[in-house]
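Student: With the input below, show me the fold.
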Amino acid sequence: MSLSRRLLAGGVALAAVGSALVASTTVSGAASAPERPSTRLPIVIAHRGASEYRPEESRHAYELAIEMGADYIEPDVVTTKDHVLVARHDNWLNDTTDVANHPEFASLKTTKTIDGVQRTDWFTEDFTFAQLRTLRLKERLPDLRAGSSAFDGVDPIASLDEVLEIARDHHVGVYPETKHPTYFRSIGLPLEDELLKDLGQYGFKGRNDKVFIQSFETSNLQALSKRTSIKLIQLIDAQGAPYDFVAGHDPRTYSDLLTPAGLKWVAKYAYGIGPALTRIIPVDATNHAQQPTTLVRDSHRAGLAVHPWTVRPENYFLPVEYQEGNPSSPNFPRAEGDASRLLEAFYKLGVDGIFSDDSALAVSTRTRVFE
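Tutor: Reported below is the predicted structural model:
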């Protein structure tokens with residue numbers, strides 16, 4: 001379905017209702033988390049803005065997501081050499097900017113180890129904000145999102161201040177993620193102090209404001225829980241372990257955090273969890289969807305909200321049951337599947353929010369499910 005049709009659709013159904021999987025997603029006996037009344041609609045979180053249609057984390061991506069009806073916009077947060085927080089998925093730059101076309105920055109290309117992985121690239125912490133601002137954004141997934149690639153070269157990198165100003169002026173929430181916090185702390189550029197300061201300047205100060213802070217690590221969230229009442233979200237990857245566990249030789253994994261004891265531990269410092277989609281609706285080795293897990297129910301019983309990530313509409317990202325079209329077609333991976341039905345499945349499982357690259361689809365599906 002085209003973007004214009006989605007925007008016009010509003011609350012009209014965008015896809016047929018059905019499938020055994022959706023029918024199987026009713027969860028009984030789930031206890032609501034404190035401050036999560038059952039009458040409250042799940043929130044729609046614009047994953048790096050309207051990343052389906054504009055280069056992610058650009059001003060235009062955030063503004064389009066708000067036009068689509070997103071409740072929250074999500075910036076990933078890294079820092080520059082002069083400690084200005086900026087919205088970037090990671091601190092390396094080559095896959096999302098035109099840095100390689102700037103000969104004046106050729107000498108800044110280097111090799112670093114970030115969270116245990118060696119990478120050769122250009123890195124935000126080696127640029128001043130003024131230098132970084134001369135770069136222009138490009139689509140990170142050009143083979144899948146040619147429409148977004150048409151906007152390459154338009155936007156500069158956005159500062160966190162710019163994103164917060166957009167959220168404040170449009171009366172939506174903001175959902176920043178601290179990226180690689182252990183690494184940035186190790187080089188003397190910790191993210192948390194600047195993040196709290198910037199949020200406070202734009203009126204995002206406490207638990208009753210429309211703001212969440214999220215992280216794949218745990219120690220920075222635990223420290224933040226002692227300094228702010230802002231709601232904190234423990235991100236849960238599909239596999240592996242938090243990097244601060246790895247660096248600190250803690251043997252626990254993300255899976256350990258999802259046991260009853262693990263969820264109880266997370267609830268001591270976090271408002272909720274942000275699990276990968278497959279933690280709730282798993283897929284097998286052939287990418288076929290399996291029966292839902294009990295994670296939503298278990299999290300609610302532990303007093304935790306659940307905001308899974310990320311629903312994307314292309315077949316490439318969807319379980320087989322939600323793909324559409326001819327799999328042998330060269331365009332099949334980038335063609336849109338039935339992501340609305342997948343969103344419906346998560347809504348019916350009782351999630352408290354959902355990350356999506358297409359806020360219009362997430363909003364219109366929510367309207368259909370709960371109207």
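Student: ok, residues contacting whatever helix or strand residue 213 lives in?
Tutor: Using DSSP states H and E, residue 213 maps to strand 212-215. Contacts with strand 212-215, where a contact means Cβ atoms under 8 Å, 6 or more residues apart in numbering, come from 72, 173, 175-178, 181, 195, 221, 224, 228, 230-235, 271-272, 274, 307. (Glycine included, C-beta is placed from N, CA and C.)
Student: I'd assumed residue 97 was in contact with residue 137.
Tutor: Yes. Counting by Cβ atoms under 8 Å, residue 137 does reach residue 97; the two are 5.8 Å apart.
Student: Give me the common contacts of the two.
Tutor: Between them, residue 137 and residue 97 share these contacting residues under Cβ under 8 Å, 6+ apart: residue 157.
Student: Run through the strands of the protein in chain order.
Tutor: 43-47, 72-74, 76-79, 85-87, 110-114, 117-121, 173-174, 177-178, 212-215, 231-236, 272-275, 305-306, 353-356 (DSSP state E).
Student: tell me how far the fifth one is from the chain's mean position?
Tutor: Relative to its parent chain, strand 110-114 has a centroid offset of 24 Å by Cα atoms, centre = their mean, to the nearest Å.
Student: Output that strand as PDB, restricted to C-alpha atoms.
Tutor: Presented in PDB, the C-alpha positions along strand 110-114 are these (Å, rounded to 0.1, in the frame of the first residue of the first chain):
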ATOM      1  CA  THR A 110      40.600   4.700  11.400                       C
ATOM      2  CA  THR A 111      40.100   1.200  13.000                       C
ATOM      3  CA  LYS A 112      38.500   0.900  16.400                       C
ATOM      4  CA  THR A 113      37.100  -1.900  18.500                       C
ATOM      5  CA  ILE A 114      33.500  -1.000  19.500                       C
END
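Student: Mind listing the strands that strand pairs with, and their directions?
Tutor: Strand 110-114 pairs in its sheet with strand 117-121 (antiparallel), by DSSP bridges.
Student: Identify all contacting residues around the strand it pairs with.
Tutor: Applying Cβ under 8 Å, 6+ apart, the set of residues contacting strand 117-121 is 92-94, 109-113.
Student: Stretch 83-93 now?
Tutor: Contacts for stretch 83-93 (Cβ under 8 Å, 6+ apart): 48, 56-57, 75-80, 96, 99, 114, 119, 121-125, 129, 132, 135, 140, 157-163, 179-180, 183-184, 189, 191, 194-195, 198.
Student: Quick check: end-to-end length of it?
Tutor: 17 Å (Cα to Cα, to the nearest Å).
Student: Show the average pLDDT along it.
Tutor: The pLDDT scores in stretch 83-93 average 98.
Student: Could you check how far that stretch is from the centre of its chain?
Tutor: The chain centre lies 15 Å from the centre of stretch 83-93; the measure is Cα atoms, centre = their mean.
Student: Tell me, how many residues neighbour residue 367?
Tutor: 17 (other Cβ atoms under 10 Å).
Student: To clarify, my last question referred to residue 360.
Tutor: So residue 360, with other Cβ under 10 Å, has 28 neighbours.
Student: Please report the distance of it from residue 238.
Tutor: 26 Å (Cβ to Cβ, to the nearest Å).
Student: follow-up on the earlier one: save the strands of the chain as a markdown table, and put in distance to residue 317 too.
Tutor: Listed next are the strands of the chain as a markdown table, based on distance: least, Cβ to Cβ, whole Å:
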| stretch | distance to residue 317 |
| --- | --- |
| strand 43-47 | 12 |
| strand 72-74 | 17 |
| strand 76-79 | 18 |
| strand 85-87 | 22 |
| strand 110-114 | 24 |
| strand 117-121 | 22 |
| strand 173-174 | 25 |
| strand 177-178 | 19 |
| strand 212-215 | 20 |
| strand 231-236 | 18 |
| strand 272-275 | 16 |
| strand 305-306 | 20 |
| strand 353-356 | 11 |
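Student: Student question: in this structure, what's the helix or strand with minimum average pLDDT?
Tutor: helix 20-23 (a mean of 35; mean pLDDT, DSSP states H and E).
Student: Drop anything exposed from the contacts of stretch 83-93.
Tutor: Neighbour-count burial (16 or more other Cβ atoms under 10 Å) applied to the contacts of stretch 83-93 gives 48, 56-57, 75-80, 96, 99, 114, 121-125, 129, 132, 135, 140, 157-160, 162-163, 179-180, 183-184, 189, 191, 194-195, 198.
Student: Nothing else from me, thank you.
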